[in-house]
Each structure stands twice: as structure tokens, then as C-alpha cells.
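Asks: Build the 3D model from these lines:
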Amino acid sequence: MRRFQVKNSTRSTLLATEASEAGTFGQRFKGLMGVAEFPMGRGLHIVPCTSIHTFFMKIPIDALFLDEERVVVEVYHALEPWRMSRFHPGARSVLELPAGTALSSGTRPGDRLLFEAVPQS
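Replies: Reported below is the predicted structural model:
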């Protein structure tokens, strides 16, 4: 699984020191289901994705829907378990982050994110 550091280049803030990419059907299907801890600095980038649900999840998350250029289309703050997002036709992917990350970084629609590969050991 590929790993990235994610920065909000519009606001010069760091969103994740280690975000994984869920690109296969199985990875996208599982997502964060069953995860009891999602520490600050982590993230999950789901590609492709235009909507999400938090069924069977144990923790709230922030969800940043991104277009093809990785510009934020929509932000969900602290989306609780057993909820669904709207469908976002302009989105290409979603970046799931620990609840509070988007608010503390000031991330909002229109911000551009930068993904940098983390070397694999």
C-alpha cells in the first residue's frame, strides 16, 4: 500500500505525516471499518470515491473530498459512525483524517492538497 505525507499547500499546514492509499476494491471496501484508534498524523486516501459511509466504524472522522487536481470540494467535520456523506459528482477521491484535523488546519473547500510519497522501509 502506498503511503504519503499530505500538506495543505494553500494554508501551509501539514494534514498527515503518513496517509495510506486505498486503491483496490478490497481496500476501499474495508476502509476504516473496525479501527478503534486513528491517531493524529494518519490518513486514508480512497481512490476513486464520490461518497462515503461510516457504517461499522467506531470513531468519528474528518472527510475531505478532492477533485482530480486534489483541490478540496467538500469538508465533513467529525463525521460520526453510522452516517453517510452526500454524493459529490465533482470529487475523484476522499481523504479521511482523524476528527479535528480539518478544523485545526483551517482546511476548507478550494484549498489545494499536496501528496508526497513517504519512502518505504
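Asks: Which pLDDT does the model give Q120?
Replies: On the pLDDT scale, Q120 is placed at 74.
Asks: check contacts around it.
Replies: Neighbouring residues of Q120 by Cβ atoms under 8 Å, 6 or more residues apart in numbering: R3. To be clear about C-beta, it is placed using only N, CA and C from the backbone, and glycine gets the same treatment.
Asks: Check the secondary structure at it for me.
Replies: Assigned with DSSP: H, G, I helix; E, B strand; the rest coil, Q120 falls in the coil class.
Asks: can you check M40 too?
Replies: coil.
Asks: And for L103?
Replies: Going by three-state DSSP: L103 is helix.
Asks: my guess is it meets L64, correct?
Replies: No: in this structure, L103 is not within contact of L64 by Cβ atoms under 8 Å, at 11.6 Å.
Asks: Pick out whichever of these two has more residues nearby.
Replies: L64 (28 against 13; other Cβ atoms under 10 Å).
Asks: wait, what's in contact with the residue most central in space within the chain?
Replies: Centroid check for the chain by Cα atoms, centre = their mean gives L95 as the closest residue, at 1.6 Å. Shown in contact with L95 (Cβ under 8 Å, 6+ apart): V6, L15, A16, A19, G43, L44, H45, I46, A63, L64, L66, L113.
Asks: helices and strands around the longest strand seen in the chain, which ones?
Replies: Taking DSSP state E as the criterion, the chain has its longest strand at strand 13-22. With contacts taken as 3 or more Cβ pairs under 8 Å, 6 or more residues apart in numbering; DSSP states H and E, strand 13-22 sits against strand 3-8, helix 25-30, strand 42-46, strand 93-98, helix 101-105.
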